[in-house]
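# Fold the following for me, if possible:
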Amino acid sequence: MQLYLPIAEMPVDPLVVIFMGAAVGFLSGMFGVGGGFLMTPLLIFYGIPPAVAVGTEASQIVASSVSGVLAHLKRKTVDFHMGGFLVLGGGVGAAVGIAIFRHLRAAGQVEILISLSYVAFLSVVGGLMLVESARALLRSPEDKPKRRKRRSVAWMAAMPFAMRFRRSQLYISPIPPIFLGFCVGVLAAIMGVGGGFIMVPAMLYILNMPTNVVVGTSLFQIIFVTAIATVLHAAANQTVDVILALLLLTGGVVGAQIGARVGVRLRGEQLRALLALIVLAVCARLMMDLTLPPESLFVIEAAQ
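Numbers count the residues shown, from 1 in each chain. Next up is the predicted model:
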């Protein structure tokens with residue numbers, strides 16, 4: 001059975017799309033990641049136009065992040081004060097990213113931008129994850145993992161408008177969080193991701209936030225930034241396919257529940273190593289698509 005997607009302007013097998021959503025949801029539940037950086041390339045591999053894949057995946061991330069934030073609200077691990085400044089910067093970044101996206105789409109260059117962005121970020125993220133997990137797996141049982149030391153934030157406290165973030169136990173200027181949110185907002189608009197794979201390490205090692213509030217605060221800002229990106233994509237680019245998003249959500253909800261149950265049975269180092277290999281495999285496939293010549297070559301000649 002084929003189902004026609006009005007925005008993507010192509011028929012798809014709904015069972016295949018639901019399975020893709022379930023597969024990425026399974027990985028999300030198992031590894032504790034949003035999965036947007038995997039779903040968008042998979043949609044492109046399936047034949048969905050890259051612009052539609054980016055816009056639609058952003059809408060799916062909003063729904064999946066809401067459920068994650070609700071769990072963190074119960075544990076009181078969301079810094080709304082910090083999250084507000086991240087959303088402020090992220091909203092501006094999303095608007096800038098949409099403008100760049102729209103300009104390059106009009107010039108016919110948006111597909112190459114999306115592919116190059118994913119190759120760059122997936123190669124870096126996958127490589128770092130693989131190195132970290134390999135070190136952890138090779139570490140002898142006697143070696144206890146070092147506890148993360150919170151670095152000095154004096155340079156951020158010396159910047160203008162410094163204030164206290166009580167939940168994060170920080171006294172810093174809001175300028176660095178706003179700038180960080182801006183960068184993630186641009187990525188959310190161009191790549192169709194929540195940016196958690198960049199935001200979480202940055203919150204830990206740049207903003208120096210406590211580990212227990214990082215994930216919840218990251219999910220909080222992802223909800224609003226990706227929602228803004230979704231609305232702007234729908235209004236400016238008409239690239240949000242609601243039918244495709246519903247199919248992906250249907251599979252993603254089921255897959256996430258199964259993945260969460262499987263994930264508790266594996267060691268954290270094993271999970272990170274497996275996810276790193278998956279990320280690098282997706283990156284390799286994107287690089288092949290960029291470098292290999294197409295099967296059919298077209299020649300455009302001026303009309304007489």
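# Residue 203 against residue 218, yeah?
Yes: using CB atoms under 8 Å, residue 203 is in contact with residue 218, at 6.4 Å. Glycine gets a C-beta too; all of them are placed from N, C-alpha and C.
# which one of those two has more residues nearby?
residue 218 (29 against 26; other CB atoms under 10 Å).
# and the more buried one, what element?
helix 211-232 (DSSP states H and E).
# Same check on residue 155?
Using DSSP H and E, the element containing residue 155 is helix 154-157.
# Please pull up the helix or strand immediately following that helix.
strand 163-165.
# Just the residues contacting that following strand, thanks.
79, 81-82, 170-174 (CB atoms under 8 Å, 6 or more residues apart in numbering).
# Can you give the strand pairings for it, parallel or anti for each?
strand 170-172 (antiparallel) (DSSP bridges).
# which of the residues in the strand it pairs with are buried?
For strand 170-172, a neighbour-count test (16 or more other CB atoms under 10 Å) marks 170, 172 as buried.
# ditto for stretch 212-225
Those buried within stretch 212-225 under the rule 16+ other CB under 10 Å are 213-225.
# cool, stretch 37-48 as well?
Those would be 37-44, 48, for stretch 37-48 by 16+ other CB under 10 Å.
# roughly how far out does it sit from the chain middle?
13 Å (CA atoms, centre = their mean, to the nearest Å).
# ok, and the closest non-adjacent residue to residue 134?
For residue 134, the nearest residue in space outside its immediate sequence neighbours is residue 273; the separation is 6.8 Å by CB to CB, 6 or more residues apart in numbering.
# Count the residues that sit near that neighbour.
Neighbours of residue 273 (other CB under 10 Å): 20.
# Kindly report the same for the one 3 residues further on.
For residue 276, the neighbour count with other CB under 10 Å is 21.
# So what's the residue count around residue 201?
Using other CB under 10 Å, residue 201 has 13 neighbouring residues.
# element containing the residue nearest to residue 134?
helix 268-291.
# Give me the mean pLDDT for that helix.
Taken as a whole, helix 268-291 carries a mean pLDDT of 75.
# pLDDT check: weakest of the buried residues of stretch 212-225?
Per-residue pLDDT puts residue 215 lowest of those, at 75.
# what about the strands in the chain?
Secondary structure of the chain by DSSP state E: the strands cover 3-5, 10-12, 163-165, 170-172.
# same question for stretch 100-116, mean pLDDT?
80.
# starting at the chain centroid, how far to that stretch?
19 Å.
# List the contacts of that stretch.
With contact meaning CB under 8 Å, 6+ apart, stretch 100-116 is reached by 40, 44, 49-51, 53-54, 186, 189-191, 233, 236-237, 286, 289-290.
# The helix holding residue 155 packs against which elements?
strand 170-172 (3 or more CB pairs under 8 Å, 6 or more residues apart in numbering; DSSP states H and E).
# Quick one: mean pLDDT over the strand it packs on.
On average, strand 170-172 scores 87.
# ok, now stretch 25-37?
For stretch 25-37, mean pLDDT is 65.
# before we move on, the earlier item: of the strands of the chain, which is nearest residue 93?
Smallest distance to residue 93 across the strands of the chain (CB to CB): 19.6 Å, for strand 170-172.
# Check the offset of that closest one from the chain's centre.
27 Å.
# contacting residues around the closest residue to residue 161 other than its chain neighbours?
Once flanking residues are discounted, residue 161 sits nearest to residue 173: 5.4 Å by CB to CB, 6+ apart. By CB under 8 Å, 6+ apart, the contact set of residue 173 is 156-163.
# Just the buried ones from the residues you listed?
Counted by 16+ other CB under 10 Å, the contacts of residue 173 give residue 156 as buried.
# can you name the two of the contacts of residue 173 that are farthest apart?
So, the contacts of residue 173 by CB to CB: farthest apart are 158 and 163, at 13.1 Å.
# follow-up on the earlier one: elements contacting the helix holding residue 218?
helix 50-74, helix 80-106, helix 175-191, helix 196-205.
# Dump these to TSV, plus distance to residue 25.
Output for these, formatted as TSV (distance: least, CB to CB, whole Å):
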stretch	distance to residue 25
helix 50-74	8
helix 80-106	24
helix 175-191	19
helix 196-205	15
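# looking at the ones you listed, which is buried most?
helix 175-191 (a mean of 24; mean count of other CB atoms under 10 Å).
# Which among the helices and strands packed on helix 211-232 is found nearest to residue 18?
Here helix 50-74 is closest among these (CB to CB), at 12.5 Å.
# Please state the offset of that closest one from the chain centre?
9 Å.
# which helices and strands does it pack with?
helix 14-31, helix 36-46, helix 80-106, helix 110-138, helix 175-191, helix 211-232, helix 242-263.
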